[in-house]
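> Task: produce atomic coordinates for the following.
(chains A and B)
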Amino acid sequence: MHGELTDTEIISRVLRGEQQLFAALVERYQNYVFTLVLRFTDNREDAEELSQDIFVKAYRSLADFRGESKFSTWLYTIVRTSCITFLRKKKLETTSIDNEKTFVQLENRESGFKANQVEIKSRQAMVNQAIALLSPDDAQIITLFYKGEQTLEEIGAIIGAEPNTVKVKLHRARQRLKDKMEKYFSHEVREIQGD
Amino acid sequence: MPEEMDKWPELYTNTSTQNVMSEQQNIESRLWDYIDGVSNAEEKSAIEKLIESNLEWQRTYRELLETHQLMTSSELDAPSMRFTKNVMEEIAKYHVAPATSSYINKKIIWGVAAFFIIMIVGFLVYSFGQLNWANSNSSNIVSPNLDKLNWGKFLNNSYTNIFIMINVVLGLMLLDMYLTRKKKLLKKDF
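You can find the predicted model right below:
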């Protein structure tokens, strides 16, 4: 219904009082936001609740969106800060893969995941499972770049880093993903290569 | 000496392994830039030539391209069907908050900045005024005279009074603004 309207047009109309139009923005970005949040929470219920809070926050601070960046970039900044606050509340460590707690967490995720390997039916499911094995930071950067349609500069604005730093982080994240796929999905990858 | 010589092959092997690793990383980094489309035209054509002529580059390129294609083909997760409805029900309870720029008065920020700048400049002027430039020599131009600074006088004279006065004026300005805003809100309510 509102497919033809741009984000900026929707925002200016919402700010003029057409609250119901905000639903168009929610529908447009809910999958992106939910996927990004899921990289942090690793739990669908928490991810859904947090995504809902993010859209409410975005609505409430919509007047602060000055149109200097894409709406998606602005929205993902809210996603990131909300996810970090959520993790802090849950007392989980978010940053480095070298971090002991994250490592233990990843180990647990990996061991639990091995049992599910037989359930992998598609290429997409395999990639999603492999991304889920990465640290939240790596998973987030890959999702923003490949699925969030964000450039290196825009990702830099979201995570508060220089584009060159983002480039290095992205290279490392992709390398880790490649390693995970080689370790856990070598058979499936060979099948795909044989297609 | 002979012991060190025994370690040479090992050291050489480690250095050589490190070189090979960094070379591989360099190849991957350049290839990722090429795949992502961020290489410039010159770099792009150089990489294309390398992919065509060099087996190692060709193999790495194929590997990275597969990873890239897999990531591009990954799907987004979707929340429950009721998600949009839930969000809209929740936001119905709220109004869009006024833009931050509308309630943060820039004049106050500039006023506070000006106050601190005036304080620092005043302090520097007073400190330099205490220095006896005529008696100082090149080696100890600052330290001996700084010892002669009369801190007690500095804290008890007109500088302290000026400092307190500026703070009182700023405090009264803030109180006035607060009361004016409160008055406006009360008028709106009635």
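> neighbours of residue A:49, just the number please.
A count of nearby residues for residue A:49, using other CB atoms under 10 Å in any protein chain shown, gives 16. Backbone N, C-alpha and C define where each C-beta goes, glycine included.
> do the helix or strand where it lies and chain B meet?
Element membership for residue A:49, per DSSP states H and E: helix A:44-60. Yes. Residues of helix A:44-60 contacting chain B under CB under 8 Å from any CB of the partner chain: A:47, A:48, A:51, A:52, A:55, A:56, A:59, A:60.
> Show me the contact partners of that helix.
A:14, A:22, A:25-26, A:30, A:33-34, A:37-38, A:40-41, A:74-75, A:78-79, A:82-83, A:86, B:77, B:79-80, B:83, B:86-87, B:90-91, B:94-97 (CB atoms under 8 Å, 6 or more residues apart in numbering or on different chains).
> What subset of those residues is buried?
A:14, A:22, A:25-26, A:30, A:33-34, A:37-38, A:40-41, A:74-75, A:78-79, A:82-83, A:86, B:77, B:79, B:83, B:86-87, B:91, B:96 (16 or more other CB atoms under 10 Å in any protein chain shown).
> low-scoring pLDDT stretches of chain A, where are they?
Applying pLDDT under 70 to chain A flags residues A:1-3, A:91-122, A:188-195.
> Which secondary structure element of chain B has the lowest mean pLDDT?
None of the helices or strands of chain B scores lower by mean pLDDT, DSSP states H and E than helix B:143-147, at a mean of 58.
> correct me, but residue B:92 touches residue A:20?
No. Using CB atoms under 8 Å, residue B:92 makes no contact with residue A:20, being 9.2 Å away.
> Checking the closest residue to residue A:69 other than its chain neighbours next. Helix, strand or coil?
Spatial nearest neighbour of residue A:69, chain neighbours left out: residue A:157 (6.3 Å); criterion: CB to CB, 6 or more residues apart in numbering or on different chains. Classification of residue A:157 using DSSP: H, G, I helix; E, B strand; the rest coil returns helix.
> what residues are up against residue A:157?
By CB under 8 Å, 6+ apart, the neighbours of residue A:157 are A:69, A:73, A:77.
> which ones among those are found in helices?
A:73, A:77 (DSSP state H).
> Give me the domain ranges for chain A.
Domain ranges of chain A: A:1-92, A:93-195, per automatic domain parsing.
> From chain B, how far off is residue A:13?
Per CB to the nearest CB, to the nearest Å, residue A:13 is found 12 Å from chain B.
> elements contacting the helix or strand residue B:52 falls within?
Per DSSP H and E: residue B:52 is located in helix B:41-53. Here helix B:41-53 touches helix B:2-36, helix B:55-73, going by 3 or more CB pairs under 8 Å, 6 or more residues apart in numbering or on different chains; DSSP states H and E.
> Which residues does the helix or strand where residue B:89 lies contact?
Assessed by DSSP H and E, residue B:89 sits inside helix B:83-91. Helix B:83-91 has contacts (CB under 8 Å, 6+ apart) with A:19-20, A:22-23, A:26-27, A:30, A:34, A:48, A:51-52, A:55-56, A:59-60.
> Run a quick neighbour tally on residue B:42.
8.
> sorry, that was for residue A:143
With other CB under 10 Å as criterion, residue A:143 counts 25.
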